[in-house]
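Enquirer: I need the structure of the sequence given here:
(one chain, ligands or ions: 1)
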Amino acid sequence: MTGLAVNIDHIATLREARKASYPDPVAAALMAELAGADGIVCHLREDRRHVQDRDVRLLRKVVQSKLILEMAATSEMVGIALDVRPELVTLVPESREEVTTEGGMDLIVHNKSIGETIGALQNNGIPVSIFIDAEPEQIKLAHQAGADMIEIHTGTFCEANGSSRRRQAFDKIVDAAKLARKLKLGVNAGHGLCYNSIKAFKGLSEIDEYSIGHSIVARAALVGMERAVRQMRELVDAL
Ligand code: PXP
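Expert: Purely as a prediction, here's the structure:
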């Protein structure tokens with residue numbers, strides 16, 4: 001069965017918009033699990049713009065499925081991960097100016113430091129995924145760096161205008177997923193996926209799990225978290 005990991009960052013965004021104590025991403029995570037999420041994802045950013053340290057620690061205590069921590073490859077974040085012990089760390093590039101993660105990690109640039117970060121986590125029993133663009137070179141470098149899995153950046157496909165650009169972006173994802181499988185890497189995919197774009201992935205058995213946040217939280221604001229997750233669950237189950 002294809003996995004659905006639900007990212008609850010933007011429940012925290014709503015809370016931080018007012019610096020209030022609600023809505024609580026921890027409550028949202030529990031509702032997402034009840035509605036069939038296979039995992040809960042949160043991104044603890046260096047600038048703490050949405051998820052806070054308190055959220056990660058509470059999520060660790062209450063999440064029953066699996067906790068996936070998205071983080072930059074910094075020593076501060078490695079320290080937190082070693083303490084919290086999520087079921088998976090996904091390494092992502094981060095810059096303070098971006099509205100959201102804008103692309104995959106460039107392993108041509110960060111090759112050596114990424115290998116060290118992966119080692120520090122894996123030596124303590126934490127599997128590591130790297131968020132990368134659907135480029136063969138990046139996948140080979142992720143494999144060489146010792147990652148357990150990759151998460152393919154689907155944002156380029158989701159944002160592509162016009163059917164030929166969309167097709168091209170999708171074909172790259174398919175090729176990337178097949179190459180990663182051949183290299184025996186686990187394959188996740190995410191960023192920008194919504195209730196419409198997810199349908200394009202039907203039959204792509206190389207992808208183990210989809211990581212989806214913004215579209216689910218946006219729908220939850222209108223129909224409720226449980227219903228929003230169930231509706232995505234049905235779409236992922238139909239792939
Ligand atoms: N995967 C990664 C690595 C991300 O950084 C994000 C956004 O935090 C997502 C998946 C989820 O993207 P979206 O919120 O657009 O569904």
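
Enquirer: Would it be right to say that Ala28 lies in a strand?
Expert: No - if the criterion is DSSP: H, G, I helix; E, B strand; the rest coil, then Ala28 is helix and not within a strand.

Enquirer: Quick check: Arg45 touching Glu94?
Expert: Yes - counting by CB atoms under 8 Å, Arg45 touches Glu94, with 6.2 Å between them. Where you see a C-beta, it was placed from the backbone N, CA and C, and this is true even at glycine.

Enquirer: Name the residues of the helix or strand harbouring Asp83 that are buried.
Expert: Asp83 is part of helix 75-84 when elements are defined by DSSP states H and E. Neighbour-count burial for helix 75-84 flags Met77, Val78, Ile80, Ala81, Val84 (criterion: 16 or more other CB atoms under 10 Å).

Enquirer: Contacts only, for the last one.
Expert: In this case it means Val84. The contact partners of Val84, by CB atoms under 8 Å, 6 or more residues apart in numbering, come to Val56, Arg57, Arg60, Leu67, Leu69.

Enquirer: The third one: neighbour count?
Expert: Put plainly, it is Arg60. Neighbour count for Arg60, taken as other CB atoms under 10 Å: 15.

Enquirer: Setting aside sequence neighbours, what's the nearest residue to it?
Expert: Nearest residue to Arg60, sequence neighbours excluded (CB to CB, 6 or more residues apart in numbering): Val84, at 4.9 Å.

Enquirer: swap in the fourth one?
Expert: Once its chain neighbours are removed from consideration, Leu67 has its nearest residue in Pro86; the separation is 4.4 Å (CB to CB, 6+ apart).

Enquirer: So that neighbour versus Ala160, what's the distance?
Expert: Noted for Pro86: a distance of 32 Å to Ala160, by CB to CB, to the nearest Å.

Enquirer: who has more neighbours, these two?
Expert: Neighbours of Pro86 and Ala160, each counted by other CB under 10 Å, are more numerous for Pro86; the result is 25 against 16.

Enquirer: would you say the more buried one is within a strand?
Expert: No - per three-state DSSP, Pro86 lies outside any strand segment and is coil.

Enquirer: Hmm, Arg60 and it touching each other?
Expert: Yes - counting by CB under 8 Å, Pro86 touches Arg60, with 7.1 Å between them.

Enquirer: Identify the contacts common to those two.
Expert: Leu67.

Enquirer: now for the helix or strand where Val41 lies, which elements pack on it?
Expert: Assigned by DSSP H and E, Val41 falls within strand 39-43. Counting contacts by 3 or more CB pairs under 8 Å, 6 or more residues apart in numbering; DSSP states H and E, strand 39-43 packs against strand 3-7, helix 9-16, helix 25-34, helix 53-62, strand 67-71.

Enquirer: what secondary structure does the residue positioned nearest the centre of the chain sit in?
Expert: With distances taken as CA atoms, centre = their mean, the residue of the chain nearest its centroid is Ser211 (4.5 Å). The three-state label given to Ser211 by three-state DSSP is strand.

Enquirer: any idea how far it lies from Ile152?
Expert: Ser211 is 10 Å from Ile152, by CB to CB.

Enquirer: Show me the longest helix that occurs in the chain.
Expert: helix 163-182 (DSSP state H).

Enquirer: Past that one, which element shows up next along the chain?
Expert: Using DSSP H and E, the helix or strand that directly follows helix 163-182 along the chain is strand 186-190.
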